[in-house]
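Trainee: Sequence below, structure please.
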Amino acid sequence: MRLVRVGAWGTWALCLAFTLGMIATDLATTLARDEPPAIANWVFFTAFLSFPTVGAIIVTRMPRHRIGWLFCFAGLCWSGLVLLPENIAIYTLEASPEALPDGVYAGWVARWGWVLAIGITLVILPLLFPDGRLPSERWRWARRVALLGMALSLVGYAFGPGDLGLEGNLPGYANPLGVETLEAPLLVAGSLGMALLLGIAPISAAALIVRFRRSRGVERLQLKWSAYAAALVAIALSIDALTRLFGWQPRFMPAIVGLSIVSIPVAAGIAILRYRLYDIDRIINRTIVYVALSAILGLAYGCLVLLQHVLNPLAISSDLWVALSTLTVAAIFRPLRTRVQGVIDRRFYRSKYDAARTIEAFGARLRDELDLDTLQAELVAVIRQTMQPASVSVWFDNPAARGAPDRARSLLS
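Mentor: Sure thing, here's the model as predicted:
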């Protein structure tokens, strides 16, 4: 048992060293290019340290849980086989060619290392989450196809001749271990393996959907956490893709993507260790509310700015208009939040909304009703409607009977 924990935290320490190496090489690259340090890149690199961190914690608490080891291995692949080799290759081949010899081999590692990282993160983990087992024995073929795709892709990308292809950062550098005489079969192996891997990824996502439809209780909450994290990553990647599409690449975008990536292991850790597991519905509710609220307030502020341009002939001071716009948005925040919360509760959380309305109505009647029998009947009805218990008991204390057994009436249903 102790050896298992040492292995898990040893993996974490190795990933920490890789992360520090990434930050150091990225800083050296920016200094060699006479550019300011890219702090957002450091946040992005550090985000992948969350994988082995959560994995080591899971292994410490539950040594036989496969998900913990998969997170440790995923963090090792991302940091040690993808990001660090790529940063070393960029620094040694482009930013400072005389710094280290044979930097092209670091690029070679990154050329095939991402296959393992993507395969584990996007295919294997969804297939086995949250209990470390397949949804059923019928899904064994999906795991086999994924492993076959990873193996073929590894061989094809590791030994196939061609450009290193590190996101266009290193054009003109060929694969140092490419086998020219086997170019055709290696190309077929790499293409076929990648097709299998990308084809099985949606099926892995479908496995989570199948689990969710069958799940009840704790397992359903665990899958909600994973879905919430996946939604955050999808939103961040979509925003990043849109900014690239329109030619605007803000320097803070890698940090946004990195912070969204952190949500994947964090959500998995909460789901498996069951720490604050039952908070997921409230978190999803608050996220929907504040996303909708931010969109509405942003639209309102944009309309006010547009109105300023329309009223520009009136020579209204720009600073005054900005102040008025800000005050307007601040004034409508609280009532708008209440309204948006009510709409979302009615649409997505109907049972919670109905329960709240029922309790409010009972509170209003409680101020006017004096008959205890009527109040008892209404109280039981409210409890049945909102909480749906197996039984209900109502006790009335008799403060006049001091020293004697309390007189009580109970109603069971």
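Trainee: Count the neighbours of P254 for me.
Mentor: Residues contacting P254 under the criterion other Cβ atoms under 10 Å number 20. From N, CA and C alone the C-beta is placed, and that goes for glycine too.
Trainee: Could you check the pLDDT of it?
Mentor: P254 is assigned a predicted lDDT (pLDDT) of 89.
Trainee: What of L127?
Mentor: Reported pLDDT for L127: 92.
Trainee: tell me the pLDDT at the closest residue to it other than its chain neighbours?
Mentor: The spatial neighbour of L127 that comes closest, neighbours along the chain excluded (Cβ to Cβ, 6 or more residues apart in numbering), is S204 at 4.9 Å. pLDDT for S204: 92.
Trainee: Which strands and helices lie in contact with the helix or strand encompassing A300?
Mentor: Using DSSP states H and E, A300 sits in helix 280-310. Other helices and strands packing on helix 280-310, by 3 or more Cβ pairs under 8 Å, 6 or more residues apart in numbering; DSSP states H and E, are helix 218-245, helix 318-348.
Trainee: Return the set of buried residues in that helix.
Mentor: Across helix 280-310, burial judged by 16 or more other Cβ atoms under 10 Å covers 280, 284-285, 288-289, 292-293, 296-297, 304, 308.
Trainee: Let's have these in TSV, adding distance to V6.
Mentor: Below are the buried residues of helix 280-310 laid out as TSV (distance: Cβ to Cβ, whole Å):
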residue	distance to V6
I280	33
I284	38
N285	41
I288	43
V289	45
A292	48
L293	48
I296	52
L297	51
L304	60
Q308	64
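Trainee: among these, which two are most distant?
Mentor: Comparing every pair within the buried residues of helix 280-310 by Cβ to Cβ identifies I280 and Q308 as the most remote, at 42.0 Å.
Trainee: quick one: low-confidence ranges for the stretch 151-300 of the chain?
Mentor: Residue ranges of the stretch 151-300 of the chain with pLDDT under 70: 165-172, 277-278, 281.
Trainee: hmm, back to that, of the helices and strands packed on helix 280-310, which approaches L182 most closely?
Mentor: helix 218-245 (35.2 Å).
Trainee: got the angle for that closest one vs helix 280-310?
Mentor: 30 degrees (axes from the mean of the first three to the mean of the last three Cα atoms, to 10 degrees).
Trainee: Ramachandran angles for A174?
Mentor: Dihedral angles of A174 (phi, psi; degrees, to the nearest 10) stand at phi -90, psi 160.
Trainee: before we move on, what about the one 3 residues further on?
Mentor: Summarising the backbone geometry of L177 under the convention degrees, to the nearest 10, its torsions are phi -110, psi 20.
Trainee: which of the helices and strands packed on helix 280-310 sits most buried?
Mentor: helix 218-245 (a mean of 16; mean count of other Cβ atoms under 10 Å).
Trainee: roughly how far apart are the closest residue to Y173 other than its chain neighbours and G156?
Mentor: Excluding the flanking residues, the one nearest Y173 by Cβ to Cβ, 6+ apart is L164, at 4.9 Å. The gap separating L164 from G156 is 14 Å, by Cβ to Cβ, to the nearest Å.
Trainee: can you pull out the strands in this structure?
Mentor: Chain-ordered strands for the chain, with DSSP state E as the definition, do not occur.
Trainee: residues touching G269, list them.
Mentor: 54, 57-58, 275 (Cβ atoms under 8 Å, 6 or more residues apart in numbering).
Trainee: Including distance to W78, could the helices and strands packed on helix 280-310 go into a markdown table?
Mentor: Output for the helices and strands packed on helix 280-310, formatted as a markdown table (distance: least, Cβ to Cβ, whole Å):
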| stretch | distance to W78 |
| --- | --- |
| helix 218-245 | 14 |
| helix 318-348 | 34 |
